[in-house]
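Peer 1: pasted the sequence and its predicted model underneath.
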There are 2 protein chains.
Amino acid sequence: VVRALARLFTQGEQVLLGPGDDAAVVAVPDGRVVVSTDLHVDTRHFRRDWASALDIGHKVAAANLSDLNAMGGTATALTVGLAAPADTPAAWALDLARGIAEECALVGASVVGGDLTSSDQVMVSVTALGGVAGDPVRRSGARPGDVVAIAGRQGWAAGGLAVLARGFRSPRALVEASQRPEPPYAAGPQAVAAGATAMIDVSDGLLADIGHVAVASGVAVDVATAGFEIAEPLQAVGAALGADPMRFVLAGGDDHALVATFPADVTLPAGWTRIGVVLAGEGVTVDGSAYDGPTGHTHF
Amino acid sequence: VVRALARLFTQGEQVLLGPGDDAAVVAVPDGRVVVSTDLHVDTRHFRRDWASALDIGHKVAAANLSDLNAMGGTATALTVGLAAPADTPAAWALDLARGIAEECALVGASVVGGDLTSSDQVMVSVTALGGVAGDPVRRSGARPGDVVAIAGRQGWAAGGLAVLARGFRSPRALVEASQRPEPPYAAGPQAVAAGATAMIDVSDGLLADIGHVAVASGVAVDVATAGFEIAEPLQAVGAALGADPMRFVLAGGDDHALVATFPADVTLPAGWTRIGVVLAGEGVTVDGSAYDGPTGHTHF
């Protein structure tokens, strides 16, 4: 299985030494490496009965590639650890690996190493390495007066999970968004080029993650709901479930949209939409008021 | 807990951006990063009833730091993922982190990022980043005529596990070796400087790991048992259990000793001991004959 896995992973020219030795070696042109790690646990971060191994592979890779996107960077290499019960079909592991490799190919990253071991519960650990052209964009740089903007779909995965949790399989677009996110990988480097002052990817929930930026920057943020266009499938789900679809937008995570702050005079890059403003103070408000709904979910 | 964990991790000057953002940034002076990842699963790679959280922290960090040692490199940064049941005491997680931090301090590495999530079974994922002064030493460079040498304790952890498995707690030195390995961190860079042609760290078992070098290099290796001095506590355990202590040496893993091959005319660095020779052919023999005992253990 290990050999079959290694064959799945195409090695880019940035890989000086790929899988098969005690460690891999990756070229890092500018002398800085950006690194992020995530754990994904069966039943908590994915459900094998709700998504194929291929989709889960895409999803776990996307989460880490998105972390580098949120720094304004691009991943060049991933390491992957898979812990799984000994009776897990090899085909499941190979499909997982194929999904990871396909997602990596979207940004030109290679899987350069990994580990495979047995456990009671399926767990996948992913670590992404990469670089940033320019200064990495932190969470802490937002200043009062900055524009708040978003890139990428938002609320789709949450809408899809709401559908699945009720036993439905449509709208397909939302179900598929919950199974396989489509992070806006071009948007992070675009934001660096446009002078972003702070950035984060939405994984805990939009308001929760904007709250992380507000705390790190020592500022307040007001989100304007008029900035969001509610996509048709979200409207359909809201109607079917009797829920305000804006709730999926404001509290949803797992689409890996990017939220960034920019100087007030910014010309936002294509794909970015203004959704709010940075203010002096603390906390996150919606349309000028405290928000009384859920702001996201916790991973513990 | 996450904030308390972050405070435990001292950030070295190689860390350009430490924990707390979407990703960390680490300086990589020569434009190449060496990376390795491992998963450690409760009851499989460690036992919470046999070792303290502090020891387990040392052990899981040592395993990854040793992977970079086996390339001739030195780790500068670690990322750590902890998945644990929600009722795991915070003190256990903090002691684990303290052990990881202490082990990292031995080589000057910093824990720069991580992830914390809930799961049914405790699992720790560790990824080490670092550099090599010179060319990384692979498993595949051994040539017929090369000297085979070892650095570090070998067989101690296996002896300790044999003791623990029978319900004993002594000899303490062996039990402690199984709980907290002491990899020879200086030996990897020494081997690069001395012209090592191939290298591996012993984690599956001495003969099994020498076998990995033999396969990767397309050579045979003959191990000479006369090269090993059996340490006193291993002799004591052998006598107590009625077992040949050489079996612990030949099949033991988890001490993270280094085995390397060198050109025949090498002057071995201090701390390295000659234990065999590389031959044309394939396979691993002991004192010129096939070995009929266990050669290591499997992680799956």
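Peer 2: Happy to help now that I have it.

Peer 1: any weak-confidence spans in chain A?
Peer 2: A:297-300 (pLDDT under 70).

Peer 1: what about the helices in it?
Peer 2: In chain A, the helices defined using DSSP state H lie at A:2-8, A:53-69, A:90-105, A:156-165, A:172-179, A:187-193, A:206-217, A:232-241, A:246-251.

Peer 1: for the fourth one, buried residues please.
Peer 2: In terms of neighbour count (16 or more other Cβ atoms under 10 Å in any protein chain shown), helix A:156-165 has its buried residues at A:156, A:157, A:158, A:159, A:160, A:161, A:162, A:163, A:164. Yep, even glycine has a C-beta here, placed from its N, CA and C like the rest.

Peer 1: now the residues you listed as a markdown table including distance to chain B?
Peer 2: Below are the buried residues of helix A:156-165 laid out as a markdown table (distance: Cβ to the nearest Cβ, whole Å):
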| residue | distance to chain B |
| --- | --- |
| A:156 | 21 |
| A:157 | 18 |
| A:158 | 19 |
| A:159 | 24 |
| A:160 | 21 |
| A:161 | 17 |
| A:162 | 22 |
| A:163 | 24 |
| A:164 | 21 |
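
Peer 1: which two from the residues you listed end up farthest apart in space?
Peer 2: A:156 and A:164 (12.6 Å; Cβ to Cβ).

Peer 1: any residues in contact with both of the two?
Peer 2: Shared contacts of residue A:156 and residue A:164 (Cβ atoms under 8 Å, 6 or more residues apart in numbering or on different chains): residue A:178.

Peer 1: separation between the spatially most central residue of chain A and residue A:58?
Peer 2: Nearest to the geometric centre of chain A sits residue A:256, at 3.1 Å (Cα atoms, centre = their mean). For residue A:256, the distance to residue A:58 equals 11 Å [Cβ to Cβ, to the nearest Å].

Peer 1: my read is that residue A:221 contacts residue A:286, right?
Peer 2: No: Residue A:221 lies out of contact with residue A:286 (Cβ atoms under 8 Å); the separation is 9.7 Å.

Peer 1: higher neighbour count, these two?
Peer 2: Between residue A:221 and residue A:286, counted using other Cβ atoms under 10 Å in any protein chain shown, the more crowded position is residue A:221 (27 against 21).

Peer 1: might you report the residue contacts of the more buried one?
Peer 2: Counting by Cβ under 8 Å, 6+ apart, residue A:221 touches A:142, A:148, A:210-211, A:213-214, A:276-279, A:283-285.

Peer 1: partner residues bridging it?
Peer 2: Beta-bridge pairing of residue A:221 under DSSP bridges involves residue A:278, residue A:284.

Peer 1: ok, it to chain B distance?
Peer 2: Using Cβ to the nearest Cβ, to the nearest Å, we find residue A:221 at a distance of 17 Å from chain B.

Peer 1: one more: residue A:220?
Peer 2: Distance of residue A:220 to chain B, given as Cβ to the nearest Cβ: 20 Å.

Peer 1: nearest residue to that residue in space, please, no chain neighbours.
Peer 2: Leaving aside its sequence neighbours, residue A:220 sits nearest to residue A:281 (Cβ to Cβ, 6 or more residues apart in numbering or on different chains; 3.8 Å).

Peer 1: just the closest of the contacts of residue A:221 to chain B, please.
Peer 2: Nearest to chain B among the contacts of residue A:221 is residue A:213, at 10.3 Å by Cβ to the nearest Cβ.

Peer 1: just give me the longest strand of chain A.
Peer 2: When chain A is parsed with DSSP state E, its longest strand is strand A:73-84.

Peer 1: thinking again about what came up before, ok, the residue nearest to the centre of chain A to residue B:204 distance?
Peer 2: From residue A:256 to residue B:204 the distance is 37 Å (Cβ to Cβ).

Peer 1: next: residue A:288.
Peer 2: In this view, residue A:288 and residue B:204 are 62 Å apart by Cβ to Cβ.

Peer 1: name all residues that make contact with residue A:207.
Peer 2: Listed by Cβ under 8 Å, 6+ apart, the contact partners of residue A:207 are A:223, A:250, A:251, A:284, A:286, A:291, A:295, A:296.

Peer 1: at 10 Å what do you get?
Peer 2: Residues in contact with residue A:207 (Cβ atoms under 10 Å, 6 or more residues apart in numbering or on different chains) are A:214, A:221, A:223, A:249-252, A:284-286, A:291, A:293-296.
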